[in-house]
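S.K.: build the 3D model from these lines:
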Amino acid sequence: GDPAADPARHVAPTHDPARVVVLPFKDISADGGLDFLGDGIADTLQRSLAGVAELSVIARASAFAYRDRDIASIAGDLQAGTVLDGSVQRAGNRLRVSAQLVRTADQTQLWSAVFEREASDIFAIQDDIADRVLEAVTGGDALGLQLAPLRQTSREAYDLYLQGRELWQRRDAASIREAITRLEDAVRLDPGFAPARSELATALYLSPDLSRLEKVARIEPQIEAALALDPADAQSHALRGNLLLAAGRIVEGREALERALALRPNDVNILGWLAQGYQVSGLMRSAQVHIRRAYALDPMNVHARTLLVGALLLESPSEALALALQTVRLFPESQQAWWHLARAHLAQGDRVADALAAADGLAHLHDAPALVFRIAATFNEVGEFALADAWRARVPAFEPGPQAELFWHLNRNDPVAVAERTGALLAPRPVHRECTRLIDPRLVRGHR
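M.R.: Model prediction:
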């Protein structure tokens, strides 16, 4: 999709120097094939700077959407005051990285440098660039601001780590599966590289193939190991918070996510997850603060957009519908975007099936039984039982789980079915031995 389609394009730029965009570093290697390294350098720098509360760092999806755009459009569309970009070249064991920092108000180059070192020095190069950006933008030394140095590993493990991290962020099923494979290989090569473990845990969390208990069983050992290696690993704290929320331990889950956000205040994923933690607690105002900040940091992030659609449904259904329509046009392969468009049409009193057909939405639902069921459940919640049954009939083999079935029958005031589903939920079920660690948080080292 064209980033220029976003409404933010029509807002006059503020040129706040603390609002930073890190663009992907261009691969200029003779034989190519290092896009993952150029993207990975930018992503790593963005994450490092995201840990500084004094900065407002535009997140990955929006920054990467502007990889070939000019400074003026970046300043206007993303309200950025400072842009960092560069190039990367690797030949054998030698690495050449160039970087420049530009002030968007007058397109003045604030700083530039070229690093020519051994390929194994990639971590030191990235640390150096991040430190210089922080100093140029904030006067970091005077403020006493410091960035944590990057953890080091072998070139082979680092390449697999960057490739896996890049893949899961595409968020489609095939990419997530491949991300898990590469990150498992990275962990196997270097079990002591904490970032690979937390990225593997994230890919497993997003896996379309695992049940909740299977996810807990495979994620929790990775979180435990990552936190033992690095107690300040923000991503591990965030994932632990998500698992606790899913287990019904809402307060503890929010506390873990709040700790993660304190460690990385500009992280859009953590902001979105914490917002959902507030939503399930009924704390909608707090949720909306985090949702709006996530969208401000990453307006091209489909998850941030759909969270905002949900928030707008409570305030202005027409605005929610406009944003939902824009989102499916920008991200036509996102099932999440289509489901939120269905919710927005329903809030407007529209015929959802007709509206989705007109928008070519049905073409994207043929391999998405969970999404079709969620649309059916949405009709069910508002008493449109005939429509709910018609949508559910499209996926007769889909089993949504006992809790979803319970709510389905609760909405229909069917006491016999409710009793049956309640009994199924309360029946004792075997618990994988790895899940017991989640039950007792004292067994997770380093999280206190």
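
S.K.: so, low pLDDT: which residues of the stretch 301-448 of the chain?
M.R.: Along the stretch 301-448 of the chain, segments meeting pLDDT under 70 span 352-368, 371, 424-448.

S.K.: what pLDDT is listed against Gly144?
M.R.: In this prediction, Gly144 carries a pLDDT score of 44.

S.K.: low-confidence ranges, the stretch 51-200 of the chain, go.
M.R.: Using pLDDT under 70 as the threshold, the predicted model of the stretch 51-200 of the chain has low-confidence ranges 138-150.

S.K.: ranges for the strands of it?
M.R.: Counting by DSSP state E, counting those that start in this stretch, the stretch 51-200 of the chain has strands at residues 56-57, 82-91, 94-103, 108-118.

S.K.: now these in CSV, with distance to Leu307 and mean neighbour count?
M.R.: C-beta here means a position set from N, CA and C on the backbone, and glycine is covered the same way. Compiled in CSV, the strands of the stretch 51-200 of the chain are given as follows (distance: least, CB to CB, whole Å; neighbours: other CB atoms under 10 Å):
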stretch, distance to Leu307, mean neighbour count
strand 56-57, 18, 25
strand 82-91, 26, 21
strand 94-103, 31, 20
strand 108-118, 34, 13
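
S.K.: so which of those strands is nearest Thr181?
M.R.: strand 82-91 (23.3 Å; CB to CB).

S.K.: so what's Ala124 closest to, chain neighbours aside?
M.R.: Computed as CB to CB, 6 or more residues apart in numbering, the closest residue to Ala124 that is not its neighbour in sequence is Arg117, at 7.5 Å.

S.K.: specify the beta-bridge partners of the one you found.
M.R.: Taking DSSP bridges as the rule, Arg117 bridges to Leu95.

S.K.: renumber starting at 820 from here on
M.R.: Got it, the first residue is 820 from now on, which makes the last one we talked about Arg936.

S.K.: residues contacting it?
M.R.: Residues in contact with Arg936, defined by CB atoms under 8 Å, 6 or more residues apart in numbering, are 913-914, 943-944.

S.K.: so Asn1199 makes contact with Arg1231?
M.R.: Yes: Asn1199 sits in contact with Arg1231 when judged by CB atoms under 8 Å, with a separation of 7.3 Å.

S.K.: and these two? Which one has more around it.
M.R.: In terms of neighbours (other CB atoms under 10 Å), Asn1199 is the more surrounded of Asn1199 and Arg1231; the figures are 22 against 14.

S.K.: ok, now how distant is the residue lying closest to the more buried one once chain neighbours are set aside from Arg1213?
M.R.: In space, and not counting its chain neighbours, Asn1199 is closest to Ala1207: 3.9 Å by CB to CB, 6+ apart. Distance of Ala1207 to Arg1213, computed by CB to CB, to the nearest Å: 11 Å.

S.K.: tell me which of those two has more neighbours.
M.R.: Summary of the neighbour comparison: Ala1207 and Arg1213, criterion other CB under 10 Å, with Ala1207 having more neighbours (22 against 15).

S.K.: you'd agree that one is up against Phe1198?
M.R.: Yes: if you go by CB under 8 Å, Ala1207 and Phe1198 touch, sitting 4.0 Å apart.

S.K.: ok, back up a step: make TSV from the strands of the stretch 870-1019 of the chain and add distance to Leu1046 to it.
M.R.: Conversion of the strands of the stretch 870-1019 of the chain to TSV gives the following (distance: least, CB to CB, whole Å):
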stretch	distance to Leu1046
strand 875-876	24
strand 901-910	30
strand 913-922	31
strand 927-937	31
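
S.K.: in a helix, Gly1101, correct?
M.R.: No: the assignment for Gly1101 is coil, going by DSSP: H, G, I helix; E, B strand; the rest coil, so no helix is present there.

S.K.: pLDDT wise, what is it at?
M.R.: With respect to pLDDT, Gly1101 has a value of 80.

S.K.: secondary structure element for the residue sitting nearest the centre point of the chain?
M.R.: Among the residues of the chain, Asn1088 comes closest to the average C-alpha position under CA atoms, centre = their mean, at 3.8 Å. Element membership for Asn1088, per DSSP states H and E: helix 1087-1099.

S.K.: sorry, back to before: what's the closest of the strands of the stretch 870-1019 of the chain to Arg1112?
M.R.: Counting by CB to CB, Arg1112 lies closest to strand 875-876 out of those; the figure is 9.1 Å.

S.K.: the nearest residue to Asp947 once chain neighbours are set aside and Gln928, how far apart?
M.R.: Sequence neighbours aside, Phe934 is the residue nearest to Asp947 in space, at 7.0 Å (criterion: CB to CB, 6+ apart). Between Phe934 and Gln928 the computed distance is 17 Å (CB to CB).

S.K.: before we move on, back to that, for the contacts of Arg936, give me CSV that also has distance to Lys1034.
M.R.: Listed next are the contacts of Arg936 as CSV, based on distance: CB to CB, whole Å:
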residue, distance to Lys1034
Arg913, 41
Leu914, 37
Ala943, 36
Ile944, 35
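
S.K.: could you work out the most separated pair of the residues you listed?
M.R.: Going by CB to CB, the pair spanning the contacts of Arg936 furthest: Arg913 and Ala943, at 14.5 Å.
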